[in-house]
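could you look at this predicted model? Sequence included:
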Amino acid sequence: MNRKKILSGIQPTGHLHLGRYFGAVENWVKLQSEYDSIYCVVDYHAITMPYNPIKLKENVWELIYNLLACGIHAENLFIQSKVPEHTELAWILGCMCSYGELSRMTQFKDKSEQIKDKSKDSFVSSGIFTYPVLQAADILIYKADFVPVGKDQDQHLELTRNIAQKFNSVVGKEYFKAPEGMYSSTSKIMSTADPTKKMSASMGDKHNINVFAPIDQIRKQIRSAVTDAGERSDRLSPGVENLFMILKACNSIEEYNLLLNEYKNGTLQYGRFKDIIADAVIERVTPIQNNKAEILKNSKEVKESIKRSSAIIRERASQTISEVKALTGLG
Ligand code: TRP
């Protein structure tokens with residue numbers, strides 16, 4: 001029997017921190033054994049925001065190495081711009097998606113506001129506006145059944161389904177099937193400096209723990225994580241809750257239960273608590289860091305293997321494009 005297909009995309013920005021690892025990448029690694037999985041580093045999406053071309057290229061390869069080190073198989077991983085058919089399909093799909101629909105995307109509204117606030121020339125590219133159409137093309141070009149993403153991508157997936165439906169009605173055939181979001185119970189890790197906010201690279205180094213940071217830096221960052229002001233209650237403070245979350249994400253369930261009990265009866269010492277968490281995180285990231293060191297030694301071959309996988313994946317995309325062009329009266 002054919003395995004169900006999944007596709008997801010990841011932006012080549014920032015480094016791989018614990019939030020992104022426990023919230024997405026770890027799950028992607030697991031899904032590979034059960035699904036026909038393809039993962040895409042979305043560099044065409046990255047250029048919708050102001051960017052630096054040299055930095056972009058560096059970030060793409062850095063992310064590829066990082067994903068491989070985490071356990072994504074090279075044959076499942078590719079670079080979006082090495083499959084230009086995505087943009088060709090995006091053009092066709094863009095003509096089946098209304099201006100009004102795109103205007104309602106909250107990510108577009110947020111991002112364009114962000115740019116207006118930050119830069120003096122306020123350059124909002126039309127790429128930011130049509131971003132979700134390219135995302136729909138990423139998904140539909142492989143006829144993915146499931147898309148593992150965070151809840152924040154819900155609206156984009158809904159739009160993808162609408163576009164698929166519109167396409168089918170234009171061509172008079174049930175060609176694209178509607179993909180479903182796959183929301184696995186991944187752990188949402190918060191910033192260690194401001195635990196009311198999601199851990200993210202954009203807030204600065206203090207806020208996130210890089211999977212590839214030197215071990216003593218990781219320990220130091222966990223030691224200085226925000227906890228609470230000393231007044232403990234039945235409800236965990238966001239900082240303490242986040243530390244427990246990290247411990248759970250590291251699969252240290254026994255310790256998690258033990259320490260939670262200590263918290264409840266008022267004997268938990270935060271110093272020791274943080275040391276235990278640091279140990280668990282370090283145990284988790286060490287093999288990944290070792291993998292990365294190996295990958296960097298063979299970076300030339302690794303690059304070749306990703307170019308090969310991109311070419312193989314491209315064959316699937318170009319098959320869809322031929323069918324789509326035939327159906328839409330193009331070419
Ligand atoms: N928009 C997604 C994000 O910001 C990234 C993305 C691009 C994506 N193309 C995709 C996710 C296709 C899933 C499927 O996280």
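Yep, that arrived.

show me what counts as buried in the lowest-mean-pLDDT helix or strand in the chain.
One helix or strand of the chain scores below all others by mean pLDDT, DSSP states H and E: helix 106-118, with a mean of 88. Of the residues in helix 106-118, those buried by neighbour count under the rule 16 or more other CB atoms under 10 Å are 108, 111, 115. C-beta: built from backbone N, CA, C; applies to glycine.

let me know the closest of those residues to the ligand.
K111 (10.1 Å; CB to the nearest ligand atom).

I'd say that closest one and M49 touch.
Yes - the criterion here is CB atoms under 8 Å, and K111 meets it with M49 at 7.0 Å.

who touches both of the two?
Residues touching both K111 and M49 (CB atoms under 8 Å, 6 or more residues apart in numbering): I128.

just the strands from this protein, written as ranges.
For the chain, strands defined by DSSP state E occupy the ranges 5-10, 36-41, 77-79, 146-148, 180-182.

between these, which one is closest to the ligand.
Taking CB to the nearest ligand atom, strand 5-10 is the member of those nearest to the ligand, at 2.7 Å.

just the C-alphas of the closest one, formatted as PDB.
The C-alpha trace of strand 5-10 is given here as PDB (Å, rounded to 0.1, in the frame of the first residue of the first chain):
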ATOM      1  CA  LYS A   5       2.300  11.800   2.000                       C
ATOM      2  CA  ILE A   6       3.400  14.700   4.200                       C
ATOM      3  CA  LEU A   7       5.100  17.900   3.300                       C
ATOM      4  CA  SER A   8       6.300  20.700   5.500                       C
ATOM      5  CA  GLY A   9       8.400  23.800   5.000                       C
ATOM      6  CA  ILE A  10      10.800  25.700   7.200                       C
END
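
wait, does it make contact with the ligand?
Yes - counting by CB under 6 Å from any ligand atom, the ligand has neighbours in strand 5-10: 7-9.

and for stretch 174-192?
No - Stretch 174-192 stays clear of the ligand (CB under 6 Å from any ligand atom), getting no nearer than 8.7 Å.

same thing with stretch 113-123?
No - judged by CB under 6 Å from any ligand atom, stretch 113-123 stays clear of the ligand, getting no closer than 13.6 Å.

how far away from the center of its chain is that stretch?
In terms of CA atoms, centre = their mean, to the nearest Å, the gap separating the centre of stretch 113-123 from the centre of its chain is 25 Å.

can you give me the end-to-end distance of it?
11 Å (CA to CA, to the nearest Å).

before we move on, the earlier item: can you list the residues of strand 5-10 next to the ligand in TSV and add neighbour count?
Below are the residues of strand 5-10 next to the ligand laid out as TSV (neighbours: other CB atoms under 10 Å):
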residue	neighbour count
L7	25
S8	23
G9	20
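
got a markdown table for these, with pLDDT too?
What follows is the residues of strand 5-10 next to the ligand, written out as a markdown table (pLDDT from 0 to 100):
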| residue | pLDDT |
| --- | --- |
| L7 | 98 |
| S8 | 98 |
| G9 | 97 |
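
which of these lies closest to K177?
Nearest to K177 among the residues of strand 5-10 next to the ligand is L7, at 13.2 Å by CB to CB.

number of nearby residues for the closest residue to the closest one other than its chain neighbours?
Distances taken as CB to CB, 6 or more residues apart in numbering place A144 nearest to L7, at 3.9 Å, with adjacent residues excluded. Burial measure for A144: 24 neighbouring residues, criterion other CB atoms under 10 Å.

what pLDDT does A144 get?
Note for A144: predicted pLDDT of 98.

one more: E174?
pLDDT at E174 comes out at 98.

got a list of what it touches?
N168.

the one 3 residues further on too?
The neighbours of K177, taking CB under 8 Å, 6+ apart as the test, are 143, 145, 164.

so who does the second one touch?
What it means is D145. Contacts of D145 were listed using CB under 8 Å, 6+ apart, and they are 4-6, 177, 179-180.

can we see that at 7 Å?
Going by CB atoms under 7 Å, 6 or more residues apart in numbering, D145 touches 4-6, 179-180.

among these, which ones are buried?
5-6, 179.

the ligand contacts on the stretch 151-300 of the chain?
Q153.

doesn't K248 make contact with F22?
No - taking contacts as CB atoms under 7 Å, F22 lies outside contact range of K248: 9.4 Å.

name the residues contacting each of the two.
Residues touching both F22 and K248 by CB under 7 Å, 6+ apart: S187.

thank you, goodbye.
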